[in-house]
Each structure stands twice: as structure tokens, then as C-alpha cells.
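Undergrad: I'll drop the sequence and a predicted model, then ask my questions.
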Amino acid sequence: MEFRIEKALEADYREMAGLIQKVWDSLANKEWFAADNAEYTYGILAEGKGLGYKAVEAETGALAGVFMVTFPGKDEENLGYDIGLPEKELDLVAHMDSAAILPEYRGNHLQYQMMQEAEADLRERGFRYLMCTVHPENSYSRDNVLRQGYEVMATKEKYGGYLRDILMKQVR
């Protein structure tokens with residue numbers, strides 16, 4: 001199969017949230033994934049709080065996966081606070097927020113491809129610290145992020161008590 005990585009538009013939010021929910025429903029370990037809902041996804045895309053990406057199967061046009069990036073600014077959710085980044089650096093943090101790939105499309109390196117597309121866009125926008133969280137036992141996502149040069153900076157409870165590795169990659 002071949003895939004295109006496309007930037008998401010505001011109008012894509014329902015389809016993206018629907019895919020995220022399908023992926024969450026299919027997970028055996030639900031604590032591994034904090035599923036974004038339609039309202040959250042709409043806020044990211046419509047209000048300039050981040051970017052969305054879609055992996056689209058080239059032949060059929062089917063949506064295979066989605067990826068969200070957020071710009072936390074000085075919001076208390078900024079992962080930079082968790083690792084002690086100086087206040088002046090917090091606006092340079094972007095969160096590699098969530099990746100969801102439908103089970104039938106897994107194994108095609110779609111999370112990697114969408115993250116690479118996002119990283120290029122974030123560099124252009126001047127972000128220096130790319131951060132994300134991964135459940136420590138979610139070896140697929142964790143290994144994918146580590147292979148892309150992210151480092152575990154801390155392990156903490158996040159999202160209402162779920163254990164997460166906090167990872168960061170510094171870019172210029």
C-alpha cells in the first residue's frame with residue numbers, strides 16, 4: 001500500500017475524532033492512549049492551537065491514521081514544566097500530541113511518516129523543543145519515538161493518574 005501524508009483542515013475534525021475513537025475502542029490496554037474527542041480536535045484545528053495530519057491510502061482515499069500537534073504556550077499542561085525548562089523557553093515547545101492508526105494499516109510506518117512531516121513544519125515555525133508522552137509499556141510507540149531521536153526526560157503520572165514517559169527532541 002502507498003500513503004499520502006496530508007495536512008488536516010478544520011473541516012476534517014469529525015472524521016479525525018471518529019478514527020481516534022475507533023482506535024481507542026480497539027485497544028486492549030486503554031490506559032496506553034488518551035483519546036482526543038471531537039471538541040478537542042476541533043479546537044486544535046480551528047483555533048490555531050496546533051496542527052493535524054492525515055495518512056490517506058493513495059489508491060482508495062481511505063483515512064488510515066491521524067496525528068495531532070499542539071502548541072501549549074505557557075499553559076500549565078506544557079510538558080516543559082515537567083522537565084524544568086526555563087520560562088522563556090516554554091513558547092518554543094510543541095507537543096507531538098497523539099497518533100492513531102487503524103489496526104488494518106499498522107506496520108506501514110505511518111506514525112513515523114506523520115511525525116516527520118510535523119517536525120519539518122515545526123522547525124519552519126521556530127519550535128525548538130518537541131515533546132510527547134508515551135505509556136512506558138507501549139513499546140511500539142515508545143520505540144518509534146526513540147528511533148526518531150527523542151529521549152526520555154522523566155516518567156510521571158499525567159492525564160488523571162496515568163503513568164507516562166515524557167520524551168523530548170531538541171531541534172534547531
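TA: Cool, the structure landed. Numbers count the residues shown, from 1 in each chain.
Undergrad: ignoring the adjacent residues along the chain, who's closest to Thr133?
TA: Among residues not flanking Thr133 along the chain, Arg164 sits closest, at 3.9 Å (CB to CB, 6 or more residues apart in numbering). Yep, even glycine has a C-beta here, placed from its N, CA and C like the rest.
Undergrad: could you do Leu79 as well?
TA: Per CB to CB, 6+ apart, closest to Leu79 is Met131, 4.2 Å.
Undergrad: cool, Glu15 as well?
TA: That would be Leu63: by CB to CB, 6+ apart, it lies 6.1 Å from Glu15.
Undergrad: list the residues that contact Ile5.
TA: Going by CB atoms under 8 Å, 6 or more residues apart in numbering, Ile5 touches 53-56, 113-114, 117.
Undergrad: which residues sit against whatever helix or strand the residue nearest to Leu79 lives in?
TA: Counting by DSSP states H and E, the element that carries Met131 is strand 129-134. Strand 129-134 is contacted by residues 79-80, 83, 85, 89, 92-97, 119, 122, 141-142, 145, 150, 153, 158-159, 164-171 when judged by CB under 8 Å, 6+ apart.
Undergrad: if we can go back for a sec, dump the contacts of Ile5 to TSV, plus distance to Pro72, pLDDT and neighbour count.
TA: Formatted as TSV, the contacts of Ile5 follow (distance: CB to CB, whole Å; pLDDT from 0 to 100; neighbours: other CB atoms under 10 Å):
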residue	distance to Pro72	pLDDT	neighbour count
Tyr53	18	97	24
Lys54	22	97	22
Ala55	24	98	27
Val56	28	98	17
Gln113	24	96	17
Met114	19	97	25
Glu117	20	97	18
